[in-house]
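Q: sharing a model that was predicted from the sequence below.
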Amino acid sequence: MVHDRHASSRNDAPSGVKAVLGPTNTGKTHLAIERLCAHSSGAIGFPLRLLAREVYDRVCKIKGEKSVALITGEERIEPKDARYLLCTVEAMPVTERSLAFIAIDEAQLSADRERGHVFTDRLLHARGREETMILGSSTLEPMVKALVPGVEVVTRPRFSTLTHAGARKLSRIPPRSAIVAFSAEQVYAIAEMLRRFRGGAAVVMGALSPQTRNAQVALYQSGEVDYLVATDAIGMGLNLDVEHVAFAGLSKFDGQRHRRLTTSEMAQIAGRAGRHQTDGTFGTLTGSGGHDSEFEPDEVYAIEEHRFPPLTKLFWRDPEPRFDSVATLIADLETPPDRDGLVLAPEAIDLAVLKRLADDGTVMDSLHGHAMVRRFWEVCRLPDFRQQGVETHSRFVARLWQDLRSGELGADYMAQQIARLDLTGGDIDTLQGRIAAIRSWAYIAQRPDWVLARDEMAARARAVEARLSDALHGKLTERFINRRTAVLMKKLGPDAGLLSVRLEDEEVLVEGEHIGSLHGFAFQVDPAARLSDRKLLLAAAERHLPGLLQSRADALTAAVHEGVAPLALENGALNWEGARIAALTPGRSLLAPVLVPDRLLDAVPAPARKALVAALETWVESALEPLAPLAKLDEASRSEDAGPDLRALLITLVDRGGMIAREDSGVDRLDKGRRTLLAKLGVRVGALDLFVPAMLRPAPIALWRQLARITGHSVPGGEPDAAMPPTMDATKRHKAPGYRNLGKQLVRLDIVEKLLREAHEARVGSDSSGNRGPSRSFSIDPARAVSMGLTTGSYARLLRFGGFQAMMPRPLAEGAHGPLAPVRWRWRPPRRQAEEVREVPQRTDGAFAALGELLGR
């Protein structure tokens, strides 16, 4: 529903609304700052905290710090007499008309899936008493005219021209360039290569704090480095002296799917090149991968001529929902607008969190009354600074609500949470994670009724963020700037043996320079190594690699002997740290494979290689220990005392993983002595199956299947279930090792035997009570079978396979009432012949169903 506030703005828009539209580098933000300072008071809403901070610093120089406020989710600097507010769009004032001037920057973000509804609300309702300015792309023009009657549209031309420069290698990118990537990993990789090619690069990403971002930008602006590597955050208002923008790719993940950039997004980023009257160029990187890494001709034309398809819809969400209940709140937030040009916003993370927690009974029990629902919604709107997704963020919000529902967070608790993050050690990713976490607590500390000692806690959070930002700037500078590149050849000449080579984790470093990686015992050359340095660096690495490999072999040998080696047997291959170092091949029997070292180990010096292979053979023997019960059978099959029938049976059991249907086994041909020997070997002879109980576990089954595949044996059934439950649904898995198929259910072999044994005990008990004779009958309680997950229909089928015949009770006489008599059973020894489930006549299914119903009574 669209509330009255929306309707009033539609019908009676205040005068003085001006839309200043155009491409990048048209001076829109500069004009807004001038107009702000020309009024007695005002506010500008920005899409990013770092932009608000940048303009805040500029306005402070004009108006003085006492007159200017910075208001964002995580940071609030609000002097008592502040008249000029620089805000993020979410934090800017909307309903109050007490400010003379209001401006909204990058208003085309009203079409953004996550935050668009906020920009749309500000575009519709944020108004200055004397002047309102909407800044954005020209694509917004038709929507502004449709939604803001009487608006004055001013289109500003770009101060400089943009020209497509084609694709270039990274080594040919000119100085004073920005390279734009769309993932932190790609940013790091490009910055590393620039460190080697050109001595360094500054790094700018949206996840950086304003302090870190400003420090990195200062490195570039001062000329200390000539290159800037950034994410698409560079496209939002960062004013840099960039002459060329190179795209490392033209697609990105937008939170839902991986897609190609729109021409408007391309232009927003490319527009960072050529500031003021200086012309700029844009292009792509060659060799950056992907089939979509080149601009299409129509895209080049659109960017150079600033011609883009206009926006046809803006996202909207009810800005004033009702708080009568959570259900009412959700309903209002999901109610579509009734106005042309507006569409319901996709589910943002705050609404997703609200809906997720609405299913939490503990949370819902605490929500009573309008005020509590409103407060709960405010907590759900905590931004997901850590970008961990709805599930993880919901848990964080739920924990926060448990504390906030009954009051404010105590100073000691807040101090403890903030102090936990006051750690400046760790790598770049660790520090970025801590900065994201402290931003959450800074946001919490800024809320007016969430925290006791609010000002003190907010100051502590800002101080921790500042220290973490300094540490992150130091790490970025250390990693990406002032590293030697081609000076290796110049300093040391052709004698590669003088170069220092060492191994850090899996990286092979020559004079501190990464030249490749050692995965297991396989050396992989860094694909980014320059051709001119490649031979020198490889020569140094190859000279020292045998020593590195010997050290690795000795360390792995010691780890095997200590029982801590991270080895894994997968599909017949022995893997270490994800790399194959040996394989199992057929030996004298299925259970005695031969270990064959991989050719990669040939580079290991002979003594260390011999010791390592011996250690690996020992490890394999230990890894195959779960198959010891089968090994006993294998050994017994070679004994002359076994006799031909028992020997054939033992061999078959080994070949089939320790389990075989009784009708196929030939066990009935064994004499009493050999049956006793079979039991001593751990084989259980059941009514329907022969099996080794120790093999009814996932690990032994998986091991046997590996060895069977190696030796070319038939591997029946599907993969073993990770839990091996007593029963499984046969409609999903027709076969599984260690189970018997009963039609709609699979039952583990030992459970089959246990249930049939109990049925025979019921029969014997009936005999002892005087119920004798060929037609004697007895009852069987299905409770045990049902408790194991077996349906009564499947249980009846199992009893039938075991030789039990059901005696159905007579139907009640006409007019009689009451339960039927219980089902009685009698036993007829089954004929020893194959009896597959699929061979059961279809007509018996109804009988089994009826019998199952009777058993369940």
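A: Perfect, thanks for sending it.
Q: just for the stretch 701-850 of the chain, where's the confidence low?
A: Residue ranges of the stretch 701-850 of the chain with pLDDT under 70: 716-718, 767-775, 830-850.
Q: just the strands in it please.
A: 727-729, 739-741, 745-748, 804-807, 824-827 (DSSP state E, counting those that start in this stretch).
Q: now swap in the stretch 551-700 of the chain and tell me
A: Under DSSP E, counting those that start in this stretch, the stretch 551-700 of the chain gives strands at 567-570, 573-576, 579-585, 594-597, 659-661, 684-685, 689-691.
Q: please identify the deepest-packed of those.
A: strand 689-691 (a mean of 24; mean count of other C-beta atoms under 10 Å). All C-beta spots, glycine's among them, are computed from the backbone N, C-alpha and C.
Q: now for it, which elements pack on it?
A: Packed against strand 689-691 by the contact rule (3 or more C-beta pairs under 8 Å, 6 or more residues apart in numbering; DSSP states H and E) you find strand 659-661, helix 749-768.
Q: quick check: mean pLDDT of the first one?
A: For strand 659-661, mean pLDDT is 90.
Q: about what we covered before: to Val154, which of the helices and strands packed on strand 689-691 lies closest?
A: Among the helices and strands packed on strand 689-691, the nearest to Val154 by C-beta to C-beta is helix 749-768 (80.2 Å).
Q: would you mark the buried spots in the closest one?
A: Across helix 749-768, burial judged by 16 or more other C-beta atoms under 10 Å covers Leu749, Asp750, Ile751, Val752, Glu753, Lys754, Leu755, Leu756, Ala759, Ala762, Arg763, Ser766.
Q: now flag whichever of those residues is closest to Ile102.
A: Within the buried residues of helix 749-768, the smallest distance to Ile102 is 73.5 Å, found for Ile751 (C-beta to C-beta).
Q: nearest residue to the closest one in space, please, no chain neighbours.
A: Pro726 (4.7 Å; C-beta to C-beta, 6 or more residues apart in numbering).
Q: how many other residues sit next to that neighbour?
A: If you count neighbours by other C-beta atoms under 10 Å, Pro726 ends up with 19.
Q: which ones are touching it?
A: Val747, Arg748, Ile751, Met788, Gly789, Leu790 (C-beta atoms under 8 Å, 6 or more residues apart in numbering).
Q: for the closest residue in space to Tyr795 that isn't next to it in sequence, give me its contacts.
A: What sits nearest to Tyr795 in space, not counting adjacent residues and going by C-beta to C-beta, 6+ apart, is Ala785, at 4.2 Å. Ala785 is in contact with Leu755, Thr792, Tyr795, Leu798, counting by C-beta under 8 Å, 6+ apart.
Q: same thing but at 10 Å, please
A: Applying C-beta atoms under 10 Å, 6 or more residues apart in numbering to Ala785 gives the contacts 726-727, 747, 751, 754-755, 758-759, 791-792, 794-796, 798-799, 855.
Q: then Ala167?
A: Contacts for Ala167 were tallied using C-beta under 10 Å, 6+ apart; they are Ala246, Phe247, Gly283, Thr284, Leu285, Thr286, Gly287, Ser288, Ser293, Glu294, Phe295.
Q: repeat that for 8 Å
A: Shown in contact with Ala167 (C-beta under 8 Å, 6+ apart): Gly283, Thr284, Leu285, Thr286, Ser293, Glu294.
Q: and the first one, helix, strand or coil?
A: At Gly283, secondary structure determined by DSSP: H, G, I helix; E, B strand; the rest coil is strand.
Q: what's the neighbour count on it?
A: Other residues near Gly283 come to 22 when the count uses other C-beta under 10 Å.
Q: repeat for the last one
A: Burial of Glu294, expressed as a neighbour count using other C-beta under 10 Å, amounts to 15.
Q: please enumerate the strands of the stretch 51-200 of the chain.
A: Secondary structure of the stretch 51-200 of the chain (DSSP E, counting those that start in this stretch): strands at 68-71, 76-77, 84-88, 101-104, 131-136, 152-155, 162-168, 177-180.
Q: can you put these in JSON lines and add distance to Asn741 and mean pLDDT?
A: Listed next are those as JSON lines, based on distance: least, C-beta to C-beta, whole Å; pLDDT from 0 to 100:
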{"stretch": "strand 68-71", "distance to Asn741": "68", "mean pLDDT": "94"}
{"stretch": "strand 76-77", "distance to Asn741": "67", "mean pLDDT": "89"}
{"stretch": "strand 84-88", "distance to Asn741": "62", "mean pLDDT": "95"}
{"stretch": "strand 101-104", "distance to Asn741": "67", "mean pLDDT": "95"}
{"stretch": "strand 131-136", "distance to Asn741": "66", "mean pLDDT": "94"}
{"stretch": "strand 152-155", "distance to Asn741": "73", "mean pLDDT": "93"}
{"stretch": "strand 162-168", "distance to Asn741": "60", "mean pLDDT": "91"}
{"stretch": "strand 177-180", "distance to Asn741": "58", "mean pLDDT": "93"}
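Q: in TSV: those strands, plus distance to Gln186.
A: Output for the strands of the stretch 51-200 of the chain, formatted as TSV (distance: least, C-beta to C-beta, whole Å):
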stretch	distance to Gln186
strand 68-71	32
strand 76-77	34
strand 84-88	27
strand 101-104	32
strand 131-136	29
strand 152-155	35
strand 162-168	16
strand 177-180	9
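Q: for Leu31, which of those is the nearest?
A: Of all the strands of the stretch 51-200 of the chain, strand 131-136 sits nearest to Leu31, with 7.9 Å by C-beta to C-beta.
Q: beta partners of the residue nearest to Lys28 when sequence neighbours are not counted?
A: Sequence neighbours aside, Leu135 is the residue nearest to Lys28 in space, at 4.5 Å (criterion: C-beta to C-beta, 6+ apart). When assigned by DSSP bridges, Leu135 has beta-bridge partners Val20.
Q: thought Val20 was touching Leu135, still the case?
A: Yes. In terms of C-beta atoms under 8 Å, Leu135 counts as a neighbour of Val20; the distance is 5.3 Å.
Q: which neighbours do those two share?
A: Lys28, Ala32.
Q: and these two? Which one has more around it.
A: Higher neighbour count among Leu135 and Val20: Leu135, with 26 against 22, using other C-beta under 10 Å.
Q: let me see the contact set for the more buried one.
A: With contacts defined as C-beta under 8 Å, 6+ apart, Leu135 is in contact with Ala19, Val20, Leu21, Lys28, Thr29, Ala32, Ala103, Ile104, Asp105, Glu106, Ala107.
Q: buried subset of the residues you listed?
A: Ala19, Val20, Leu21, Lys28, Thr29, Ala32, Ala103, Ile104, Asp105, Glu106, Ala107.
Q: any low-confidence regions in the stretch 151-300 of the chain?
A: Checking the stretch 151-300 of the chain against pLDDT under 70 turns up 197, 236-238, 255, 287-292.
Q: please repeat the previous calculation with a cut-off of 80.
A: Low-confidence segments of the stretch 151-300 of the chain (pLDDT under 80): 196-199, 206-207, 209-210, 233-239, 253-257, 275-277, 287-293.
Q: give me the residues contacting stretch 380-393.
A: Counting by C-beta under 8 Å, 6+ apart, 73, 207, 349-354, 356-357, 396-397, 400, 433, 436-437, 439-440, 443-444 sit against stretch 380-393.
Q: cutoff 6 Å now
A: Ile349, Asp350, Ala352, Val353, Leu354, Val397, Ala436, Arg439, Ser440 (C-beta atoms under 6 Å, 6 or more residues apart in numbering).
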